[in-house]
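In: I would like to see how this sequence folds:
(chains A and B)
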Amino acid sequence: MYDANKIIPGLIIFALFMTFPFWYNLGAEAYSTPELELPEDYERCIESTEFMRAEHMNMLDEWRDLYVREGYQEYWSELKQESYPMSLTKTCMYCHSDKEEFCDRCHNATAVDPYCWDCHIEP
Amino acid sequence: MKAIYSLILVVALILIAMIGAGAMGMGALFGVIIPYVAVLVFIVGFVVRVVQWGKTPVPFRIPTTCGQARKSLPMFKDKWNRLDNPGTKLGVVGRMFFEVFLFRSLFRNTKVELHQGPHIAYSSSKWLWIFALIFHYTFLVIFLRHMRFFTEPVPEIFVTMDHMDSMFQILSPALYLSSVLILVALGYLLLRRLLVPTVRYISQPADYFPLFLIIGIVISGMLMRYIGAFKTDLMPVKELAMGLVQFSPTVPEGIGTTFFVHLFLVSVLLIYFPFSKLMHLGGVFLSPTRNLPNDSREKHHENPWNYPVKFHSYQSYEDENRAVMVESGLPVEKPLEEKAEEASGDETPDENAEKKE
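Out: Next up is the predicted model:
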């Protein structure tokens, strides 16, 4: 092979770059999905688990706009046939009171850093 | 037609993943086996292809010269173009840097137009350059951003990258700028092939297929993030991804079909990569027209594949055939005199010797 002194180091860099996740996790503990600490007093959230999983960020985004900009105060939950204040602190965090045991678990695992906490403080 | 053929191929791949992983529940095949095979084929195929290129001799300096060479004429002494006609290693490094990171040869793209009858006008055309640049860099950002699924804990650099990519905080989950930019760039690259008649004429399925494939990957990825019905729970996705890279693969419950479509298209891209034009990722470094210094006038370059070359000089040719040449009246540089005396007495053995040779 010609120019092996340049091509082979180049290929080694390529292989190291492309196999990064394989060697980065060497020696680390086997990954498992983090467990969430769920509130004991309540069976259900204000919407179904599937809905909350997929749409909680949208719901909070809408609440923010509705409450701060439109002046609405209450969210009607079809599931529970009850209305709740549109408030991260008063509603969500009333049950999920520990950010570190609930919010952060998944957010950290997927490197999501929501900007809720730019304004809100943890109760 | 070539575009439609490629589009049908990509749609068929999407259907295969939808039926296989979705309807028939072959999660292990689409989530574990195919991705492993794909990564293996990609890396081994890439290395083999580059080694093949490395074994190919480059007998001459063949850089494309886009400026005055260093030692062409005395009047150009101070005007030689260090980047576009590099005569030194440093110049080549500079040229390669701008080629690899900024696509300089695309920047020099020109277009030819006819103006008012027979007037030909050349003008610069930067659109391909700018959209190619946007496409490649957003692809890199997206590739690196995905490392959040393959690392635990996620290194700070990928978190920062995520932040910067979603800095405008539009929508929730926040819209990535790279998602929008790559779609715009891919849209340009596709429309260019479809709408510019000259480019369309030379476009092959091998040009359309990777474009449609990458568009499919981008769209399936965006659906999973932004569009309600296609949203995929990231926690089992991360479990699957981490299982793959820690060599303890699992296929957790609750992963949507869209994810398997996305993963299957990525696997196909990886498998297709080493056999296709996408190998320009490695090829850009091995382009003799870019990576050779134009120093043929200063250095003697030997043909690398069969040096020393066997040659047959005229002198030895004449020595071998002088007798025959003189006999048939051809002019010779050295007269026959001495040899003729020897040859006249003993003509037959000489002829025999020639026949043996």
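In: Excluding chain neighbours, give the residue nearest to residue 88 in space.
Out: In the absence of a named chain, chain A is used. Setting aside the residues directly before and after it, residue A:88 is nearest to residue A:120 in space (C-beta to C-beta, 6 or more residues apart in numbering or on different chains), at 5.7 Å. (Each C-beta comes from the backbone N, C-alpha and C, glycine too.)
In: could you do chain B instead?
Out: Residue B:88 sits nearest to residue B:293 (C-beta to C-beta, 6+ apart), 6.0 Å away.
In: re earlier: next one: the residue nearest to residue A:88 from residue A:102, what distance?
Out: Here the criterion is C-beta to C-beta, to the nearest Å. By it, residue A:120 lies 14 Å from residue A:102.
In: More neighbours: which of these two?
Out: Neighbour count, other C-beta atoms under 10 Å in any protein chain shown: between residue A:120 and residue A:102, residue A:102 has more, with 18 against 13.
In: Just confirm the more buried one contacts residue A:36, I think it does.
Out: Yes - Residue A:102 lies in contact with residue A:36 (C-beta atoms under 8 Å); the separation is 5.7 Å.
In: what about residue A:75, how many residues close to it?
Out: Residue A:75 has 19 neighbours, counted by other C-beta under 10 Å.
In: Which strands and helices lie in contact with whichever helix or strand it is part of?
Out: Element membership for residue A:75 (DSSP states H and E) is strand A:74-77. Using 3 or more C-beta pairs under 8 Å, 6 or more residues apart in numbering or on different chains; DSSP states H and E, the elements in contact with strand A:74-77 are strand A:82-85.
In: List the strands paired with the strand holding residue A:75, with their directions.
Out: Strand pairing for strand A:74-77, determined by DSSP bridges: strand A:82-85 (antiparallel).
In: hey, C-alpha coordinates of the partner strand in PDB?
Out: Output of strand A:82-85 as PDB, limited to C-alpha atoms (Å, rounded to 0.1, in the frame of the first residue of the first chain):
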ATOM      1  CA  GLU A  82     -62.300  17.500  37.800                       C
ATOM      2  CA  SER A  83     -60.600  20.900  37.200                       C
ATOM      3  CA  TYR A  84     -57.100  21.800  38.200                       C
ATOM      4  CA  PRO A  85     -55.200  25.000  38.400                       C
END
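In: By mean pLDDT, flag the weakest helix or strand of chain B.
Out: When the helices and strands of chain B are scored by mean pLDDT, DSSP states H and E, helix B:347-356 comes last with a mean of 45.
In: where do the helices sit along chain A?
Out: Using DSSP state H, the helices of chain A run over A:4-18, A:20-24, A:49-64, A:93-95, A:103-109.
In: For the first one, list the C-alpha coordinates in CSV.
Out: C-alpha atoms of helix A:4-18 as CSV (Å, rounded to 0.1, in the frame of the first residue of the first chain):
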residue,chain,number,x,y,z
ALA,A,4,0.4,3.7,4.5
ASN,A,5,2.0,6.1,7.1
LYS,A,6,-0.9,8.5,6.4
ILE,A,7,-3.7,6.2,5.4
ILE,A,8,-3.5,3.8,8.3
PRO,A,9,-3.5,6.4,11.1
GLY,A,10,-6.4,8.0,9.2
LEU,A,11,-8.3,4.8,9.2
ILE,A,12,-7.6,4.2,12.9
ILE,A,13,-9.0,7.7,13.7
PHE,A,14,-12.1,6.9,11.5
ALA,A,15,-12.6,3.5,13.3
LEU,A,16,-12.2,5.1,16.8
PHE,A,17,-14.6,7.9,15.9
MET,A,18,-17.2,5.6,14.5
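In: and it, which residues are buried?
Out: For helix A:4-18, the neighbour count (16 or more other C-beta atoms under 10 Å in any protein chain shown) marks A:7, A:11, A:14 as buried.
In: Then the second one?
Out: Applying a neighbour-count criterion of 16+ other C-beta under 10 Å, one finds A:20-21 buried in helix A:20-24.
In: how would you label residue B:111: helix, strand or coil?
Out: Three-state assignment for residue B:111 (DSSP: H, G, I helix; E, B strand; the rest coil): strand.
In: where's the residue in the stretch 51-200 of chain B that chain A sits nearest to relative to residue B:257, distance?
Out: The minimum distance from the stretch 51-200 of chain B to chain A, using C-beta to the nearest C-beta, falls at residue B:150 (3.5 Å). To residue B:257, residue B:150 is 22 Å away according to C-beta to C-beta.
In: Geometrically speaking, which residue is the centre of the chain?
Out: In the absence of a named chain, chain A is used. Centroid-nearest residue in chain A: residue A:107, 3.3 Å away (criterion: C-alpha atoms, centre = their mean).
In: ah, no, chain B please
Out: Among the residues of chain B, the one closest to the centroid is residue B:280, at 1.1 Å (C-alpha atoms, centre = their mean).
In: host element of that residue?
Out: Using DSSP H and E, residue B:280 sits within helix B:280-283.
In: tell me which residues in the helix or strand following that helix are buried?
Out: Sequence order places helix B:288-291 as the next helix or strand after helix B:280-283, per DSSP H and E. Of the residues in helix B:288-291, B:290-291 count as buried by neighbour count, 16+ other C-beta under 10 Å.
In: show me the contacts for residue 112.
Out: By default, I'm working from chain A. Counting by C-beta atoms under 8 Å, 6 or more residues apart in numbering or on different chains, residue A:112 touches A:106, B:162, B:173.
In: Correction: the question concerned chain B.
Out: Going by C-beta under 8 Å, 6+ apart, residue B:112 touches B:120-122.
In: out of those residues, which is most surrounded?
Out: The residue in these with the most neighbours, by other C-beta under 10 Å, is residue B:121 (11 neighbours).
In: Check the gap between that residue and residue B:195 for me.
Out: When distance is defined by C-beta to C-beta, residue B:121 is 21 Å away from residue B:195.
In: Also residue B:134?
Out: The gap separating residue B:134 from residue B:195 is 19 Å, by C-beta to C-beta.
In: Name the residue in the two with the higher neighbour count.
Out: The neighbour count for residue B:134 versus residue B:195, taken as other C-beta under 10 Å, is higher for residue B:134 (18 against 9).
In: Could you check the pLDDT of the more buried one?
Out: We note a pLDDT of 97 for residue B:134 in this prediction.
In: Mind checking what secondary structure it has?
Out: On the three-state scheme (three-state DSSP), residue B:134 is labelled helix.
In: Ignoring the adjacent residues along the chain, who's closest to it?
Out: Sequence neighbours aside, residue B:185 is the residue nearest to residue B:134 in space, at 4.3 Å (criterion: C-beta to C-beta, 6+ apart).
In: Figure out the helix or strand that the one you found lives in.
Out: Element membership for residue B:185 (DSSP H and E) is helix B:177-195.
In: Give me the buried stretch members for that helix, please.
Out: Neighbour counts over helix B:177-195 (16+ other C-beta under 10 Å) mark B:177-179, B:181-183, B:185-186, B:188-190, B:193 as buried.
In: Need the residues you listed in a markdown table (columns: pLDDT).
Out: A markdown table is the format used below for the buried residues of helix B:177-195 (pLDDT from 0 to 100):
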| residue | pLDDT |
| --- | --- |
| B:177 | 96 |
| B:178 | 96 |
| B:179 | 95 |
| B:181 | 97 |
| B:182 | 97 |
| B:183 | 97 |
| B:185 | 97 |
| B:186 | 97 |
| B:188 | 97 |
| B:189 | 96 |
| B:190 | 96 |
| B:193 | 95 |
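In: for those residues, which one is nearest residue B:221?
Out: Within the buried residues of helix B:177-195, the smallest distance to residue B:221 is 7.8 Å, found for residue B:179 (C-beta to C-beta).
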